[in-house]
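Peer 1: no sequence on this one, just coordinates:
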């Protein structure tokens, strides 16, 4: 490794008296200048580097051995000597010092170079990635990058817009499909309900037809107890005329002596006087149902006698607790308590309509 040689001794500064000029003033010293009253000024440490002028802008010199240390040492000594001289002169004379112009130094290297070529590459303030690229190319690259970013942003916006439109369209399609499905389900349900109603109606009609046929057959087996009559009191009607507080049968008002007919075939289980009922006849049907004929004026059958539908069993009268001639008809079920039921409903169930 090259060593830096010792810096030569700085030239002595002439005494203040020796610098006095003929007119009694003292000249001002400047860096690398010379006095007026002296002969030519010789450089105090001439070197090959110092005699060669610096060309071009501030350039970084090539590193050759100890050039940096040597040049820096020389420059430092020169600057110290010049500043010291200028300071002394200023202090002595009071005149403004001569300005010293020091060139801008690069961050590294020497301000001097051994190369005389002016074509070496100059320093650049651009980034390392832009070395060798012109301003137009840099601007073009920046413009291209901006255009690429802009195009990418526009593409993303268009994609987002397309996605939003696709979602809206899909939602509309789903809503339409849902609405169509709901309408189809509604139509199907209405059709099913209509079909069920029609089926029910047809079933009801068929049932009514069957019931009518059944009642027609029963009507051949059952008949009303009197042919000409007027319904005056019904089952359950309340009033003080009845000991129980309500009417327990169905009254057919008719003139005294009107024939009474057996409603259905059965057996005579009672025939005679029965208190408030007057003369009463009871016919028991094969299913155990009892038919009571009360308030008769006369009885034409006896106990144990078999009767058929339409047979005359007695005559309308006004015997017992009555206010006028009529047939008091009661119907009792085959239950153990022989509870009475509504004669009107029972007659209708047998196909008869009083």
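Peer 2: Noted; the coordinates are in hand. What you see is a predicted model; the values in this text were computed from it and never measured. Numbers count the residues shown, from 1 in each chain.

Peer 1: pLDDT below threshold where in the stretch 201-350 of the chain?
Peer 2: 219, 239-245, 336-337 (pLDDT under 70).

Peer 1: for the nearest residue to residue 280 once chain neighbours are set aside, what are its contacts?
Peer 2: Nearest residue to residue 280 in three dimensions, chain neighbours excluded: residue 274, at 4.2 Å (C-beta to C-beta, 6 or more residues apart in numbering). Just so you know, the C-beta spots here come from the backbone N, C-alpha and C atoms, and that holds for glycine as well. By C-beta atoms under 8 Å, 6 or more residues apart in numbering, the residues touching residue 274 are 280, 294, 320.

Peer 1: Who does the first one form a beta bridge with?
Peer 2: Judged by DSSP bridges, the bridge partners of residue 280 are residue 272.

Peer 1: Could you report the distance from it to residue 154?
Peer 2: Note on residue 280: its distance to residue 154, by C-beta to C-beta, to the nearest Å, is 111 Å.

Peer 1: For residue 261, grab the count of nearby residues.
Peer 2: Residue 261 has 18 neighbours, counted by other C-beta atoms under 10 Å.

Peer 1: May I ask you to name the longest strand in this protein?
Peer 2: Ranked by residue count, the top strand of the chain under DSSP state E comes out as strand 290-299.

Peer 1: ok but residue 276 is inside a helix, no?
Peer 2: Yes. Per DSSP: H, G, I helix; E, B strand; the rest coil, residue 276 lies within a helix segment.

Peer 1: Test my guess that it contacts residue 320.
Peer 2: Yes. The pair residue 276 / residue 320 is scored as a contact, 5.1 Å apart, by C-beta atoms under 8 Å.

Peer 1: Neighbour count for the two, which is higher?
Peer 2: Applying other C-beta under 10 Å to residue 276 and residue 320 shows that residue 320 carries more neighbours, namely 17 against 14.

Peer 1: give me every residue that touches that one.
Peer 2: For residue 320, the contact set (C-beta under 8 Å, 6+ apart) comprises 274, 275, 276, 277, 278, 279, 294, 295.

Peer 1: Any chance of TSV for those, columns distance to residue 185?
Peer 2: Shown next, in TSV, are the contacts of residue 320 (distance: C-beta to C-beta, whole Å):
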residue	distance to residue 185
274	69
275	71
276	68
277	67
278	70
279	71
294	64
295	67
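
Peer 1: Please check those and keep the buried ones.
Peer 2: 274, 277, 278, 279, 294, 295 (16 or more other C-beta atoms under 10 Å).

Peer 1: May I ask you to confirm that residue 238 is in contact with residue 248?
Peer 2: No. Counting by C-beta under 8 Å, residue 238 does not reach residue 248; the two are 11.5 Å apart.

Peer 1: who has more neighbours, these two?
Peer 2: Neighbour count, other C-beta under 10 Å: between residue 238 and residue 248, residue 248 has more, with 19 against 10.

Peer 1: Could you report the separation of that one from residue 297?
Peer 2: Distance, residue 248 to residue 297, using C-beta to C-beta: 21 Å.

Peer 1: what do you get for residue 224?
Peer 2: Residue 224 sits 19 Å away from residue 297, taking C-beta to C-beta as the criterion.

Peer 1: What of residue 164?
Peer 2: 101 Å.

Peer 1: So for the two, which residue has more residues nearby?
Peer 2: Between residue 164 and residue 297, residue 297 has the larger neighbour count (other C-beta under 10 Å), namely 17 against 10.

Peer 1: No further queries at this time; thank you.
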